[in-house]
Structure formats: structure tokens, C-alpha cells
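# Predicted model follows, preceded by the sequence.
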Amino acid sequence: MTKTHINPMPGFFDRYINLAPDGELIDALAAGARLETLLPAQTLESLGDYRYAPGKWTVKDIVQHLIDTERIMAYRALRFARNDQTRLPGFEEDDFAQYAQASRRSLTDLYDEYALQRQSTRALFRSFDAEMLQRTGICFNQTISVLALGFVLVGHPIHHARVVQERYVPGVQK
């Protein structure tokens, strides 16, 4: 299924869905399986512990955030695909970043974990049929479909890759 099958389009998450390429969800998840294609490790290594403003994350924090978000969104998709109508809460991404201790990990380790998580996500979404993909649930106080959650996972890393290119790279190149 493609983005055109998303109904309703979730207001908050549309910023990520709209960044996802057109085409089948499974293909889009596969295309984004290697984080290196969006965020080259060499670029991130050159940024080190740089923060473009006080209180902002390092690039390791960003990669950890991508992993954490992938896990949470996949969990939500599983719950909704199985027709669980329990309202699911949001999560406080800044608290996750504060307590994840991403700075003590290597980028290689983070990239490996991202790849494994994406592999698991792809397997999960391959197990869903069209009916499951159209099921909805409520998270972050809004209705969202399993299909929309899948496309959030495609667009979310693209969003953060753009943030790195626009706000981090120029700051280090000064």
C-alpha cells in the first residue's frame, strides 16, 4: 500500500509522512534500511559532540532517537494491527535522550542497532495484510493507521537527516 491509502492523514505526523517517497510501504522501509545512506557515518564522526544550540542533541543522540522512535512506532503498529483499541500515550523524547547515554556508544554500534531494528520493523510490516494496515488506533491523542505509522518510520529519519545537514554541518564548517 502507498501513502495515498492513508485515511485519515494524522495532523502531527504528516510532516514525516510527506517526506516519505511515493511507492509501496515495504519498498520504502527497505530503501531506508541503511542509515548510512541518509546520514553518512563520516559526516557524523566529523560532528563529534557538536550541538548547534544549548540543550540540543548531539548526532549520537539523534541516531539513538531514531532507534527509540522506530521501536515505539512499530509497537504501536503491532497493537493497532491486532485491533487493540487501547489509547496509547505519547513519549517524552527529551527524557529518552537524556537517559539513553548515547554518547558512551560508538556510531558503528548505533548504526548496527538501527539496521537490526529496521530489519525487525520490515518483517513486522510484511506480516500485515491490507486490512491490518488500514486499522487505526489512538496515540498522541489522535487517530492514526498502521499504514501511516509505517510511513512515519520512513519519513522520520529523512527529517532528522535534513536537520543534521541544515543545522549541524554548517556549524562545524565555520
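That came in fine, so what should we check first? Numbering: from 1, shown residues only.
# Mind giving me the packing neighbours of the longest helix seen in the chain?
For the chain, the helix with the greatest residue count under DSSP state H is helix 59-81. Applying 3 or more C-beta pairs under 8 Å, 6 or more residues apart in numbering; DSSP states H and E, we find helix 59-81 packed against helix 41-47, helix 93-100, helix 107-126, strand 136-139, strand 142-145, helix 146-163. Just so you know, the C-beta spots here come from the backbone N, C-alpha and C atoms, and that holds for glycine as well.
# Give me the contacts around the fifth one.
Outside of strand 142-145, the residues within contact range by C-beta atoms under 8 Å, 6 or more residues apart in numbering are 6-8, 10-13, 76, 80, 133-138, 152.
# Equivalent analysis for stretch 42-50, please.
Residues from elsewhere that reach stretch 42-50, judged by C-beta under 8 Å, 6+ apart: 58-60, 63, 103, 107, 164, 168-169, 171-172.
# Pick out the most distant pair among those residues.
Largest separation among the contacts of stretch 42-50 by C-beta to C-beta: Ser103 and Val169, giving 19.3 Å.
# Of those two, which one has the most company?
For Ser103 and Val169, the more surrounded residue by other C-beta atoms under 10 Å is Val169, and the numbers stand at 16 against 11.
# Point out where the protein drops to low pLDDT.
Where the chain drops to pLDDT under 70, the residues are 174.
# Thank you, goodbye.
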